[in-house]
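*Asks:* Here is the input, now give the coordinates:
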Amino acid sequence: MDHGADINRERSNGETPIFNTCLSGNINLVTYLIEHGANINKVNWYGKTPLFNACENRNVDLFKNLIEIHGANINKEDRYGEYLLFEALSKNGRTPLFEACSSGNEILVKYLIEHGADVNKENKDGETPLFYAYESENYSLVKYLIAYGGVNIHK
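*Replies:* Down below sits the predicted model:
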C-alpha cells in the first residue's frame, strides 16, 4: 500500500483484496486494509459483500469487528432484494436475524437487533423472525422479541 498499490483493485468477479482477507479470518490484516481505504461494503459480481465472507468463515470475532468497529452493513440487500449475508444458508430472503432466531441463539439475536437488524423483515413466505423464534421453541426469545417493541405479532 505504501508503494502505490490499489487497495480496491477488482478482480474479474468484482472482488477486491478485502474479500479474500475476510475469508481467511485474519483480523489484523482486515483492519490494515480498511485503515488504508478498503471498502468494507463493496459488492462483488455475485452481489456479496466482504461481511458475507467473514460469516462464511464463521469467525465471530471478525464478524463483530467488521460491524462494530468498521460499520459493515448487516442489512445489505442485493439487486434482487435478497439479503446477502445468509444467502448461502437460504434463498428465501432470510436475514441473519432469521437464522439466529431459528437456532434460538439469544445472544446473537440481541446483538443483531442492537446493531439495526429489522425485527419485522418478512421472508418470501411472509414469515418474520418472531415466527422462527417460536418454531425454535425458545420461548424466552419469543418474549424478548415481543418485549423489544415494534415487533408485529400478527405476522
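*Asks:* From now on I want contacts and neighbour counts done on CA atoms only, so please keep to that.
*Replies:* OK.
*Asks:* Do you have the helices of the chain handy? List them.
*Replies:* Along the chain, the stretches classed as helices by DSSP state H are 17-24, 27-35, 50-56, 60-68, 96-103, 106-114, 129-135, 139-148.
*Asks:* Looking at these, spot the one closest to Lys42.
*Replies:* Nearest to Lys42 among the helices of the chain is helix 50-56 (7.1 Å), distances taken as C-alpha to C-alpha.
*Asks:* Low-confidence stretches in this protein?
*Replies:* In the predicted model of the chain, residues 1-4, 57-58, 76-94, 150, 154-155 satisfy pLDDT under 70.
*Asks:* domains for it, by residue range?
*Replies:* Following automatic domain parsing, one finds the domains of the chain at 1-73, 93-155.
*Asks:* would a markdown table of those domains with mean neighbour count be doable?
*Replies:* Conversion of the domains of the chain to a markdown table gives the following (neighbours: other C-alpha atoms under 10 Å):
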| stretch | mean neighbour count |
| --- | --- |
| domain 1-73 | 17 |
| domain 93-155 | 17 |
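*Asks:* so which of the helices of the chain comes closest to Glu10?
*Replies:* Evaluated over these, closeness to Glu10 peaks at helix 17-24, with 7.9 Å, by C-alpha to C-alpha.
*Asks:* possible to save the helices of the chain as TSV with distance to Lys121?
*Replies:* Formatted as TSV, the entries for those read as follows, by distance: least, C-alpha to C-alpha, whole Å:
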stretch	distance to Lys121
helix 17-24	27
helix 27-35	30
helix 50-56	19
helix 60-68	20
helix 96-103	9
helix 106-114	12
helix 129-135	7
helix 139-148	13
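*Asks:* residues contacting the residue lying closest to Phe63 once chain neighbours are set aside?
*Replies:* In this structure, Phe63 finds its nearest non-sequential neighbour in Ala54, 5.7 Å apart by C-alpha to C-alpha, 6 or more residues apart in numbering. Taking C-alpha atoms under 8 Å, 6 or more residues apart in numbering as the criterion, Ala54 is in contact with Cys22, Leu23, Ser24, Gly25, Val60, Leu62, Phe63.
*Asks:* what about Ala54, distance to Asp125?
*Replies:* In this structure, Ala54 lies at 27 Å from Asp125, with C-alpha to C-alpha, to the nearest Å as the measure.
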